[in-house]
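Participant: For reference, the sequence and a predicted model appear below.
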Amino acid sequence: MIKDLIIKEKVIRQELMLLGVLFVFSNLTNVYAILVHQGSWSELISQFHVVGLLTLFLYAVSLLLRGLFYSGRAVWRLTTKGTQS
């Protein structure tokens, strides 16, 4: 029998907050590019798909980095747990 996966509301809220921050960062990057390259402000709408993809890419990178950090921390705890007296 397969058990249900339960994700706490706090975790969902944190992940949505991170995704929102990354979305704002991606939009600010787009605004910066428009200002530097003297582009049209209509690019804020026409390049929305690029902003979305950048947001998802940054979220995937953050997931990868957090996964590496937590797995490294778990290995560190396992190795130092046996050496302590």
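Facilitator: In hand now; what should we look at?
Participant: which stretches of this protein have low pLDDT?
Facilitator: 82-85 (pLDDT under 70).
Participant: all strands for it, in order.
Facilitator: Here the chain has no strands by DSSP state E.
Participant: in it, which helix has the most residues?
Facilitator: helix 48-83 (DSSP state H).
Participant: What helices and strands are in contact with that helix?
Facilitator: Secondary-structure packing of helix 48-83 (3 or more CB pairs under 8 Å, 6 or more residues apart in numbering; DSSP states H and E): helix 9-36. From N, CA and C alone the C-beta is placed, and that goes for glycine too.
Participant: which other helices and strands contact the helix it packs on?
Facilitator: Checking 3+ CB pairs under 8 Å, 6+ apart, helix 9-36 ends up next to helix 43-46, helix 48-83.
Participant: That one: which residues count as buried?
Facilitator: Neighbour-count burial for helix 9-36 flags 22-23, 26-27, 30, 34 (criterion: 16 or more other CB atoms under 10 Å).
Participant: That one versus helix 48-83: what angle between them?
Facilitator: Orientation note: helix 9-36 sits at an angle of 130 degrees relative to helix 48-83 (axes from the mean of the first three to the mean of the last three CA atoms, to 10 degrees).
Participant: show me the contacts for Leu22.
Facilitator: 55, 58-59, 62 (CB atoms under 8 Å, 6 or more residues apart in numbering).
Participant: Type out the PyMOL command that picks the buried ones from those.
Facilitator: To isolate in PyMOL the members of the contacts of Leu22 that are buried, counting by 16+ other CB under 10 Å, one can use:
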select buried, resi 55+58+59
